[in-house]
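> Mind folding the following:
(one chain, ligands or ions: 1)
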Amino acid sequence: HYRCRSAFKLLEIDDKLRVLRPGFSVLDCGAAPGAWSQVAVQRVNALGTDAAVPIGFVLGVDLLRISPLEGAVFLSETDMAEPSTLRAIQSLLPLGKADVILSDMAPNATGIKELDHQKLITLCLGLLDMSQSILKPKGMMLCKFWDGSEARLLQNRLKEQFQDVRTIKPQASRKDSAESYYLARLYRGK
Ligand code: SAM
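Got it, this is the predicted structure:
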């Protein structure tokens with residue numbers, strides 16, 4: 001039982017593109033209410049349920065409160081756009097590093113499409129900056145964006161830092177037509 005239908009988007013993406021593997025450390029940005037974290041806990045084996053594969057780690061961050069979830073660590077009421085958040089994240093991730101950064105973050109929509117689009121792109125670009133400090137070489141980043149004029153800019157920035165960047169439109173998010181994800185793989189590191 002998942003906390004939110006958004007789980008099916010991540011399951012679909014992961015089934016197709018294998019983002020989450022046993023043993024991985026995952027940073028889940030915009031994690032409330034926690035459905036993506038539920039999926040991540042299962043797929044990285046954060047609870048050690050499968051003794052035959054490595055044990056992973058899941059850290060979720062959100063502006064809102066997130067109810068506790070077995071196998072995950074949460075930073076509730078925390079703004080990813082706040083500079084001090086980086087240190088909090090680093091102190092919680094094993095060795096301060098993540099194999100995968102997930103972002104399903106979405107700012108409160110104003111209804112003004114272009115403005116909402118810009119706000120989300122700004123969040124993603126901020127996260128990309130932060131990834132320099134926490135993402136392992138060859139790591140991955142999956143981030144939601146809303147279509148609009150700056151999507152190309154984000155895509156280009158991702159391409160500078162990752163060897164492989166693709167756009168994903170999950171079946172499970174067809175309802176929300178402006179929503180897509182970039183999956184950036186093989187982080188070049190610094
Ligand atoms: N993936 C989640 C799940 O499966 O349960 C759903 C995420 S929901 C679509 C988007 C979340 O992004 C909201 O909970 C919102 O509070 C969060 N968010 C928006 N801006 C944020 C920010 N600056 N820092 C942290 N979280 C943020």
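> Get me the contact residues on this protein for the ligand.
Residues of the chain lying near the ligand by CB under 6 Å from any ligand atom: 3-4, 6-7, 30-36, 61-64, 79-81, 104-107, 123. The way it works is simple: take the backbone N, C-alpha and C, and place the C-beta from them, glycine included.
> Buried residues, the longest strand seen in the chain. List them.
When every strand of the chain is counted residue by residue (DSSP state E), the longest turns out to be strand 135-146. Buried residues in strand 135-146, counted by 16 or more other CB atoms under 10 Å: 135, 136, 139, 140, 141, 142, 143, 144, 145, 146.
> hmm, back to that, so of the residues of the chain next to the ligand, which ones are in strands?
Among the residues of the chain next to the ligand, DSSP E puts residue 61 in strands.
> Just the buried ones among the residues of the chain next to the ligand, please.
Neighbour-count burial (16+ other CB under 10 Å) applied to the residues of the chain next to the ligand gives 3, 6-7, 30-36, 61-63, 80, 104-107, 123.
> Low-confidence stretches in this protein?
For the chain, residues meeting the criterion pLDDT under 70 lie at 174-177, 190.
> now the strands for it?
According to DSSP E, the strands that the chain contains are 25-29, 57-61, 72-75, 98-103, 135-146, 162-168, 179-187.
> Just put those strands in TSV and tack on distance to residue 17.
Supplementary listing: these in TSV, determined by distance: least, CB to CB, whole Å:
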stretch	distance to residue 17
strand 25-29	15
strand 57-61	18
strand 72-75	22
strand 98-103	11
strand 135-146	9
strand 162-168	8
strand 179-187	6
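> right, so those: which one is the most enclosed?
strand 25-29 (a mean of 28; mean count of other CB atoms under 10 Å).
> ok now it, how far from the chain's centre?
The chain centroid and the centroid of strand 25-29 are separated by 6 Å under CA atoms, centre = their mean, to the nearest Å.
> Export only the CA atoms of it, formatted as PDB.
Provided in PDB are the C-alpha atoms of strand 25-29 (Å, rounded to 0.1, in the frame of the first residue of the first chain):
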ATOM      1  CA  SER A  25      22.100   5.500  -1.200                       C
ATOM      2  CA  VAL A  26      19.200   7.600  -2.400                       C
ATOM      3  CA  LEU A  27      18.300  11.200  -1.700                       C
ATOM      4  CA  ASP A  28      14.600  11.800  -2.300                       C
ATOM      5  CA  CYS A  29      13.800  15.500  -2.700                       C
END
